[in-house]
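Undergrad: Starting from these lines, generate the structure:
(one chain, ligands or ions: 1)
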Amino acid sequence: MDLLVVGSGFFGLTIAERAASAGKKVVVIDRRSHIGGNAYSEAEPETGIEIHKYGAHLFHTSNETVWEYVNRFTKFTSYVHKVYSHHKGVVYPLPVNLGTINQFFQAAYSPEEARALIKEQAGEFDVKTAQNFEEKGIALVGRPLFEAFFRDYTAKQWQTDAKKLSGDIVSRLPVRYTYDNRYFNDKYEGLPVDGYTAWLEKMADHPNIEVRLNTDFFDESQPLNKKAVVGKTPVVYTGPVDRYFDYAEGELGWRTLDFEQEVVPVGDYQGTSVMNYPDANFEYTRIHEFRHFHPEREYPNDKTVIMREFSRFADKDDEPYYPVNTPDDRERLLKYRALTEQEPKVLFGGRLGTYQYLDMHMAIGSALSMWNNKLNESL
Ligand code: FDA
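TA: Purely as a prediction, here's the structure:
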């Protein structure tokens, strides 16, 4: 074995694939019972509808290198992501755009008129002196839109009142003065034609790659554990950085999500893939309906799969999803980074290894950079 990769998410598999293609023998371990990290998807058994087990995953990128690379393993559909928002019994298009504004104010504003209106409404606070998330949000989009689409939605995501949240959690709130409601601005967008798991398996499908599932790097009863390997074989570690060092500098804070999945006996539940629920009287933040990710597929027309999403702070045993990133977290992270520098022959990568929210294209792009700039020559 020339390289041990801990974690079979997009970061780990990109490293493994590059190293294997360069003739190196790679072992990839993952503590889960399946490959692919959080991008893993599977067919819901009753309906055959592909569900994204760890939350909806939409691929998008403007990075030409990443786009060329991912197309080696899968084709992409022409799916274009759009999100709607269910506020006080009315459905509006998101991100907030001219359609949302005109529907909300029951008007026919031109782009310039809408811009002037929002500017006037936003004048209640100044972005520079705003004291908390609520004041900053109002300074960015005005009170009516902030209260309808952002205040309680964000409070639910953080389980914290908008007045008690720091303004730092947001630098801008998206408002478009056109009717364009494409969710992503990237040059390329789509979903893998045969699903995420087929794509991830194709990346691992190389004679130089061996994948071992249900294998935890910290479990000393299995041969490829931290104690046995570090310093002897090069390692790319994509698990949580604080766990690697046994929480020596304290725990890094994460938010997690709970998902409630249901097969509903109707052909179409909500007419679209993602519906936000920004109001405080709904506990969940969104409902996903997976059939709409693949309108090109033949799915049953009398059943559909929906998934309600709830957000909360993570405990040690929960899946870590989004870094909380308080000033304390950032201080701890610097200490962990200093420790990572001293680890012999271990590189830390991916969203957990660097304590960073990374979209898939970013995880793949940063793994390609690690391979090109650090690993390729040293292995
Ligand atoms: P990832 O978490 O995928 O993989 C890490 C792997 O390491 C896991 O399989 C884990 O089991 C394993 N591991 C950890 N500790 C271990 C140990 N001790 N021993 C062995 N294995 C261990 N991106 C995007 O582009 N579009 C989108 O729509 C979304 N949507 C989305 C929704 C939600 C809810 C989340 C949380 C994230 C997204 N993402 C996304 C981001 C996407 O999930 C992310 O880019 C990839 O998962 C990053 O891949 P990594 O390999 O870094 O981590």
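Undergrad: Just list the residues touching K136, thanks.
TA: Contact analysis of K136 by Cβ atoms under 8 Å, 6 or more residues apart in numbering lists 125, 127, 130, 167, 170. From N, CA and C alone the C-beta is placed, and that goes for glycine too.
Undergrad: helix or strand right after the strand or helix carrying it?
TA: Element membership for K136 (DSSP states H and E) is helix 133-141. The helix or strand immediately downstream of helix 133-141 is helix 143-145, counting by DSSP H and E.
Undergrad: as a whole number, average confidence for that following helix?
TA: Mean pLDDT, helix 143-145: 96.
Undergrad: Identify the residues contacting it?
TA: By Cβ under 8 Å, 6+ apart, helix 143-145 touches 96, 100-101, 104-105, 118, 121, 124, 175.
Undergrad: just stretch 73-88 next, same as before
TA: 58-60, 70, 91-95, 100, 148-149, 181-184, 188-194, 198-199, 202-203, 272-279, 282, 293-296.
Undergrad: what do you get if the cut-off is 6 Å, keeping everything else the same?
TA: 58, 91-94, 148-149, 181-184, 190-193, 199, 202-203, 272, 274-278 (Cβ atoms under 6 Å, 6 or more residues apart in numbering).
Undergrad: now swap in stretch 202-217 and tell me
TA: 6, 13, 16-17, 20, 25-31, 33, 73, 222, 226.
Undergrad: Repeat the analysis, applying 7 Å as the threshold.
TA: For stretch 202-217, contacts defined as Cβ atoms under 7 Å, 6 or more residues apart in numbering pick out 6, 8, 13, 16-17, 20-21, 24-35, 73-74, 222, 224-226, 239.
Undergrad: same deal with stretch 148-157?
TA: For stretch 148-157, the external contacting residues (Cβ under 7 Å, 6+ apart) are 85, 87, 96, 104, 133-134, 137, 161-162, 165, 173, 276, 278-280, 285, 311.
Undergrad: Just the buried ones among those residues, please.
TA: The neighbour-count test (16 or more other Cβ atoms under 10 Å) marks 85, 87, 96, 104, 133-134, 137, 162, 165, 173, 276, 278-279, 285, 311 as buried among the contacts of stretch 148-157.
Undergrad: Restricted to strands, list those.
TA: 85, 87, 276, 311 (DSSP state E).
Undergrad: Next one: stretch 263-278, is it in contact with the ligand?
TA: No: counting by Cβ under 6 Å from any ligand atom, the ligand has no neighbours in stretch 263-278; the shortest distance is 9.7 Å.
Undergrad: Enumerate the positions of that stretch that are buried.
TA: Applying 16+ other Cβ under 10 Å to stretch 263-278 flags 269-270, 272-278 as buried.
Undergrad: Reformat the contacts of K136 as TSV; add secondary structure, distance to the ligand and pLDDT.
TA: Converted to TSV, the contacts of K136 look like this (DSSP: H, G, I helix; E, B strand; the rest coil; distance: Cβ to the nearest ligand atom, whole Å; pLDDT from 0 to 100):
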residue	secondary structure	distance to the ligand	pLDDT
F125	coil	31	93
V127	coil	28	89
A130	coil	28	90
G167	helix	24	85
V170	coil	18	84
